[in-house]
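S.K.: need a structure here:
(3 chains)
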Amino acid sequence: MMSFVLAFVVGGLICVLAQLTLDLGTNLTPAHVMVLFVVLGAVASGLGLYEPLIEFAGAGASVPLPAFGHALVKGMLKGAAEKGLSGLLAGGLTGTALGLTVAILAGLAMALVARPKG
Amino acid sequence: MTTKKNGQTIGFSNPPAVLGAAAVVGPKEGAGPLAGWFDVVKADRLLGMKSWEQAETKMVEEAVNLALAKAKVRHQDVDFFLGGDLLNQIVVTSFAARTLDVPFFGLYGACATVAEALALAAVLVDGGFAVNVALASSSHHDTAERQYRFPAEFGIQRPVTAQWTATAVGAAVVGPHGKGKVQVTHVTVGRVVDYGQKDPMDLGAAMAPAAADTIARHFEDTGRDPEAYDLILSGDLAAVGHPLCVELLERKGLRLDNRFVDCGLMLYDDTQEPVAGASGCGCSASVFAGYLFKNLEQGRFKRVLLVPTGALHSPTSCQQGESIPCVAHAVVLERSG
Amino acid sequence: MKATKEQADEYKRLVMRRSPRPAILRNALWAFGVGGTICAVGQFFLNLALLGGLPLTEAVPLVAGVMIAIGAALTGLGVYDRIGKRAGMGAALPITGFANSIASAAMEFRREGLLLGVGARLFTIAGPVIVYALAAGLVVALIRMLVSGPAGS
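M.R.: So this is what the prediction gives:
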């Protein structure tokens, strides 16, 4: 189906951009690139560009890390509209709460059941 | 004791002997080009222990015991144990020393530790302060990674300049002159050299100036030519550092040609992991204890110069913006008779 | 011996001249292939959620949760590091990579105990992402509100 192709291509392209940034940039580590891209996602969200990208490419835009930045901004704006300042501050983590909770608990689970093999 | 010192180099008039040596390595090293030269190849890196650190400690103990057995020296006849590894507080070596139960000098020279240990062991024996001195130097891929870099299961892509820390231990026993055919005739103690390199994923470039400094110093102090040696080995300059060192030496007027090789380039072949080469204390130590010692003992080499280099940064110094100072120590190993 | 600035700069130029280049094309292809595949897998779950009647705004976070769980599981199985070393950012940039950074740290530092090992060091690698995403997010949200009023979205 078309949705898979779009997701594959757009997701792949975002990753290629990140890889090129890593390879061509001097003194950039993967950690730097991850932070850069998540911040870019936030900026794109503020410009109103990221939501349309998700509607267009689905998981191709929602799975890469910039989507995390977008989700934070989206959550903050939603919170601000509903509850003003407290909503603004609470909205970011609220919007990403599911993912963060799963990440922490899944990480803990892996620590309990799995050993690093190197 | 009529030993002389010139510059940074000590020359022993009655060179102490290396009575025996043993190399214990991990599976990757045991599958590389030098496979047949190591005494023990382990099947995995954890060895059924509860931590990587415990596994490395076990390898050190095994290597030292094996070296003692091959040297035919009993535990109770060992005067001192010298050793070091890459970990904070050289914890692996300290715990191995606890088991070995011999008076202990802990050393930190990073990847140059085996040369530092050989040098000091020779000095202790030549000075008449010891009859038998055991030494060991080790590294382990996973203990180094979790301290300096990343968790084992993290999906990091290493840059092309990165090196793979060897899981390997080299151990030896140094004893009185005449008790063995392989001797330590000279040691050149390196000074710390820092040319401002800051990338901990490119240690070859950071270490090359220190290696060149000590090598040049050695030839100046001894008045020798490169042709005096069958082989000159750097420790783990690898694919990036070794050519840089060659160029730096040429600028000092020294041409080493094909006799100049690098342990880090010898340990793995091209099909094993796309990195610049091996690194770690165990790299030069295991190549010394396995490949070099056996070849010297069997008469295939007459005289070699072992010059490993250590990168003296800490897990946090680079993050603080510091550059990476390095030191290289040189040891001349010669077969008598 | 600390080299002078001139010596250090000259050496730096020598190092940069002699430094090997990364395999840019090969890395880009791997990043594209693996990153794209991970996103395609996410799309599969997204389609399921949408077919199940969920609106996009609810399906997206759910799919993120599923992909995070998958990333953690692949880390536990010892597979993700093998994917990552070839795929580079193709494995690090998707949300599965975020999960991998947390799960791998958790597993590694288990040796130092559940409290001071796992608990304290879970976010060793992922921490910067969360901190700076949150900071950037707040700045962007504030600017957005200033520009288009508090209800703008």
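S.K.: which other helices and strands does the longest helix seen in chain C contact?
M.R.: Selection of the longest helix in chain C by residue count, based on DSSP state H, yields helix C:24-51. In this structure, helix C:24-51 makes packing contacts with helix A:2-24, helix A:59-62, helix C:56-76, helix C:80-87, helix C:89-92, judged by 3 or more C-beta pairs under 8 Å, 6 or more residues apart in numbering or on different chains; DSSP states H and E. To be clear about C-beta, it is placed using only N, CA and C from the backbone, and glycine gets the same treatment.
S.K.: one more pass at 10 Å, please.
M.R.: Helices and strands touching helix C:24-51, as assessed by 3 or more C-beta pairs under 10 Å, 6 or more residues apart in numbering or on different chains; DSSP states H and E, comprise helix A:2-24, helix A:50-57, helix A:59-62, helix C:56-76, helix C:80-87, helix C:89-92, helix C:95-108.
S.K.: out of those, which comes closest to B:Gly106?
M.R.: helix C:95-108 (25.8 Å; C-beta to C-beta).
S.K.: now could you export just the CA positions of the closest one as PDB?
M.R.: The C-alpha trace of helix C:95-108 is given here as PDB (Å, rounded to 0.1, in the frame of the first residue of the first chain):
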ATOM      1  CA  ILE C  95      12.200   6.300  18.400                       C
ATOM      2  CA  THR C  96      13.400   2.700  18.600                       C
ATOM      3  CA  GLY C  97      16.900   4.200  18.900                       C
ATOM      4  CA  PHE C  98      15.800   6.300  21.900                       C
ATOM      5  CA  ALA C  99      14.400   3.200  23.500                       C
ATOM      6  CA  ASN C 100      17.700   1.400  22.800                       C
ATOM      7  CA  SER C 101      19.700   4.100  24.500                       C
ATOM      8  CA  ILE C 102      17.600   3.700  27.600                       C
ATOM      9  CA  ALA C 103      17.400  -0.100  27.600                       C
ATOM     10  CA  SER C 104      21.100  -0.600  26.900                       C
ATOM     11  CA  ALA C 105      22.000   1.700  29.700                       C
ATOM     12  CA  ALA C 106      19.600   0.000  32.100                       C
ATOM     13  CA  MET C 107      21.000  -3.500  31.200                       C
ATOM     14  CA  GLU C 108      24.600  -2.400  31.400                       C
END
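S.K.: and the angle from that helix to helix C:56-76?
M.R.: Here helix C:95-108 runs at an angle of 40 degrees relative to helix C:56-76 (axes from the mean of the first three to the mean of the last three C-alpha atoms, to 10 degrees).
S.K.: now the longest helix seen in chain A: how far from the chain's centre is it?
M.R.: For chain A, the helix reaching the highest residue count under DSSP H is reported as helix A:66-95. Offset of helix A:66-95 from its chain centre (C-alpha atoms, centre = their mean, to the nearest Å): 14 Å.
S.K.: so is that helix next to chain B?
M.R.: No: with C-beta under 10 Å from any C-beta of the partner chain as the measure, helix A:66-95 is seen stopping short of chain B, the closest distance being 17.4 Å.
S.K.: quick one: that helix to helix C:24-51, angle?
M.R.: Angle between the axes of helix A:66-95 and helix C:24-51 is 40 degrees (criterion: the same axes, to 10 degrees).
S.K.: shaky segments in chain A?
M.R.: Along chain A, segments meeting pLDDT under 70 span A:118.
S.K.: and it, which residues reach chain B?
M.R.: A:19, A:22-23, A:26-27, A:29-31, A:110, A:114-118.
S.K.: also within reach of chain C: list those from those residues.
M.R.: When contact is defined as C-beta under 10 Å from any C-beta, the residues of chain A next to chain B meet chain C at A:19, A:22-23, A:26, A:30-31, A:110, A:114-118.
S.K.: filter those residues down to the buried ones.
M.R.: Buried by 16 or more other C-beta atoms under 10 Å in any protein chain shown: A:19, A:22-23, A:30-31, A:110, A:114-116, A:118, out of those.
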